[in-house]
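S.K.: Kindly generate the corresponding structure for this input.
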Amino acid sequence: MHSNNPSSTTEAAIPRCRRCGTCCRKGGPALHRQDLPLLVAGHIGHSHLLTVRRGEPVIPPFAEEPEPAGQELVKIAGSTGWTCRFFREGLGCSLYRHRPVECRTLFCADPAPLLALIGRETLNRLDLINPDDPVRAFIARQETDLPLSAMMERVAALRRRQDAEQARTALTAMINDDIRLREEWLRQGGQRCHELFLFGRPLFLVLTGMGMQVKEDRGVLSLSPAGSGNDRSR
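M.R.: Take a look at the predicted model:
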């Protein structure tokens, strides 16, 4: 229905977030350099964050199928499932006045501005860690000894059934080495609430998110020989 009130027509033309939570339930935003003041001011802390490592399978915004992350990303972690930890059912975003740039840019009826922002001037872990912090040595070890690219190559070999037993053995070693690295960091004073930011999701969770079956026996993880799995990560 056409309105004769010019002000109402103008207001209707302005993109406004309805705070329905649909976008928030699909995952937290990646952080960009424009978001640094939010971290400096303490609105967002390391305990709120998750690192997506380069090569990790993710489902990009407005996509349906996973693809390897082309760069390291720091995102706001989820609380229940993929829902952004700052979203409150029935209340909306608890960070709304200090929300990141992706949230301020996104308008569901016109995703073009957000798509233009994706991948540009994004933050990574080292942007947010002091130069003299000893955790940098652990991150360097992780990237050297446990790169996502090597894991994904072995997953591909397993699915092709090409040297499958060798690939399964290598993947089993990687997921256990990943856990040992994290435990060593914790023994040296690391805080569990910062783990997902500093090291991303444990490799065994990345694999189970892709449909792989991982089991534990007396503290040791192993990859089940049953099935090669399908990508299911976001």
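S.K.: just for this structure, where's the confidence low?
M.R.: Residues of the chain meeting the criterion pLDDT under 70: 1-17, 19, 225-234.
S.K.: Return the distance of the longest helix seen in it from the chain's centre.
M.R.: Longest helix in the chain, counting residues (DSSP state H): helix 164-187. The chain centroid and the centroid of helix 164-187 are separated by 20 Å, computed with CA atoms, centre = their mean, to the nearest Å.
S.K.: ok, which stretches of this structure are helices?
M.R.: Going by DSSP H, the chain shows helices at 6-13, 36-40, 101-105, 112-117, 135-145, 148-160, 164-187, 195-199, 203-209.
S.K.: Just give me the residue right at the centre of the protein.
M.R.: Central residue of the chain (CA atoms, centre = their mean): V52, 4.1 Å from the mean position.
S.K.: Dig out what that one forms beta bridges with.
M.R.: L73 (DSSP bridges).
S.K.: I'd say it and G70 touch.
M.R.: No. When contacts are counted by CB atoms under 8 Å, V52 is not listed as touching G70 (10.5 Å). The way it works is simple: take the backbone N, C-alpha and C, and place the C-beta from them, glycine included.
S.K.: Can you work out which residues contact both of these two?
M.R.: With CB atoms under 8 Å, 6 or more residues apart in numbering applied, the contact sets of V52 and G70 do not overlap.
S.K.: I'd like to know how far the residue nearest to L50 when sequence neighbours are not counted sits from G27.
M.R.: Nearest residue to L50 in three dimensions, chain neighbours excluded: A77, at 3.8 Å (CB to CB, 6 or more residues apart in numbering). With distances taken as CB to CB, to the nearest Å, A77 is found 9 Å from G27.
S.K.: And D177, by the same measure?
M.R.: According to CB to CB, D177 and G27 sit 28 Å apart.
S.K.: Tell me which of those two has more neighbours.
M.R.: Comparing D177 with G27 by other CB atoms under 10 Å, the one with more neighbours is G27, at 20 against 15.
S.K.: Next one: that one from T105, what distance?
M.R.: 15 Å.
S.K.: returning to what we had before: contacts only, for the residue nearest to the centre of the chain.
M.R.: 30, 58, 69, 72-75, 200.
S.K.: swap in P29?
M.R.: Neighbour list for P29: 75-76, 84, 99-103, 106 [criterion: CB under 8 Å, 6+ apart].
S.K.: one more time with 6 Å, if that's ok
M.R.: By CB atoms under 6 Å, 6 or more residues apart in numbering, the contact set of P29 is 76, 100, 102-103.
S.K.: Phi first, then psi, for it.
M.R.: Note on P29: its backbone torsions stand at phi -80, psi 150 [degrees, to the nearest 10].
S.K.: mind checking how far it is from L203?
M.R.: Distance from P29 to L203, counting by CB to CB: 24 Å.
S.K.: buried residues in stretch 149-162?
M.R.: Across stretch 149-162, burial judged by 16 or more other CB atoms under 10 Å covers 151-152, 154-155, 157-159.
S.K.: Just the CA atoms of that stretch, as PDB, please.
M.R.: Extracted in PDB, the C-alpha atoms of stretch 149-162 (Å, rounded to 0.1, in the frame of the first residue of the first chain):
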ATOM      1  CA  SER A 149      47.300 -28.400   3.900                       C
ATOM      2  CA  ALA A 150      49.100 -31.700   4.900                       C
ATOM      3  CA  MET A 151      46.000 -32.900   6.700                       C
ATOM      4  CA  MET A 152      43.700 -32.200   3.800                       C
ATOM      5  CA  GLU A 153      46.100 -34.000   1.400                       C
ATOM      6  CA  ARG A 154      46.000 -37.100   3.500                       C
ATOM      7  CA  VAL A 155      42.200 -36.900   3.700                       C
ATOM      8  CA  ALA A 156      42.100 -36.700  -0.100                       C
ATOM      9  CA  ALA A 157      44.400 -39.700  -0.300                       C
ATOM     10  CA  LEU A 158      42.200 -41.600   2.100                       C
ATOM     11  CA  ARG A 159      39.100 -40.900   0.100                       C
ATOM     12  CA  ARG A 160      40.700 -41.900  -3.100                       C
ATOM     13  CA  ARG A 161      41.800 -45.100  -1.300                       C
ATOM     14  CA  GLN A 162      45.300 -44.300  -2.400                       C
END
